[in-house]
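**Student:** what follows is a predicted structure for the sequence shown.
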Amino acid sequence: MRQNISGSSPYEPIIGFSRAVRVGNRVYVSGTAPVGAESAEPAAQTRQCLSLIQNALEKAEAKLEDVVRTRIYLTHAEDWESIGRAHGEFFGNIRPAATMVVVAKLLNPSWRVEIEADAIISNSEIQ
């Protein structure tokens with residue numbers, strides 16, 4: 001069974017996407033930008049992205065501990081360490097598989113980071 005989870009992005013209806021999609025015990029969270037923290041420094045933008053991801057996971061009855069993979073897109077290579085440390089604040093003990101990629105730009109030029117996440121709900125009755 002498929003469950004689409006909406007977020008607060010004004011782009012969802014325009015582009016035609018969901019913040020997250022749950023299928024069985026798997027949750028796929030779309031690229032999540034630091035909406036509301038556009039003028040913040042990169043680590044704070046990262047924390048905002050991860051807070052939005054955490055909220056989407058909770059709506060899908062999942063938690064950060066269920067995350068098995070993240071993909072981090074950053075626009076400035078020199079931000080990798082501060083973004084990585086902020087990611088570690090959320091995932092330091094969980095340690096999902098993670099990829100960090102430098103991209104030319106994101107949808108909003110003030111965004112320095114965007115993050116995707118995949119989760120497998122381990123305590124789900126649906127396996």
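**Tutor:** Here it is on my side, so go on.
**Student:** all strands for the chain, in order.
**Tutor:** Under the criterion DSSP state E, the chain carries strands at the ranges 2-5, 20-23, 26-32, 67-74, 97-102, 113-120.
**Student:** quick check: buried residues in the fourth one?
**Tutor:** Residues 67, 70-74 are the ones in strand 67-74 that count as buried (16 or more other CB atoms under 10 Å). For every residue, glycine as well, the C-beta is placed using N, CA and C.
**Student:** what about Ala97, how many neighbours?
**Tutor:** 10 (other CB atoms under 10 Å).
**Student:** ok, so what distance separates the closest residue to it other than its chain neighbours from His76?
**Tutor:** Excluding the flanking residues, the one nearest Ala97 by CB to CB, 6 or more residues apart in numbering is Arg69, at 4.6 Å. Taking CB to CB, to the nearest Å as the measure, Arg69 falls 23 Å from His76.
**Student:** go on, Val68?
**Tutor:** As judged by CB to CB, Val68 and His76 stand 27 Å apart.
**Student:** likewise for Val113?
**Tutor:** 9 Å.
**Student:** who's more crowded, those two?
**Tutor:** Neighbour totals were compared for Val113 and His76, and Val113 leads with 31 against 12 (other CB under 10 Å).
**Student:** tally of neighbours for Gly31?
**Tutor:** Residues near Gly31, counting by other CB under 10 Å, number 16.
**Student:** confidence score at it?
**Tutor:** Listed pLDDT for Gly31 reads 95.
**Student:** for Arg26, same thing?
**Tutor:** Taking Arg26 on its own, its pLDDT is 98.
**Student:** show me the contacts for the residue nearest to Ala97.
**Tutor:** 96-99, 117-118 (CB atoms under 8 Å, 6 or more residues apart in numbering).
**Student:** how much space between Val67 and Ser18?
**Tutor:** Counting by CB to CB, the separation of Val67 from Ser18 is 17 Å.
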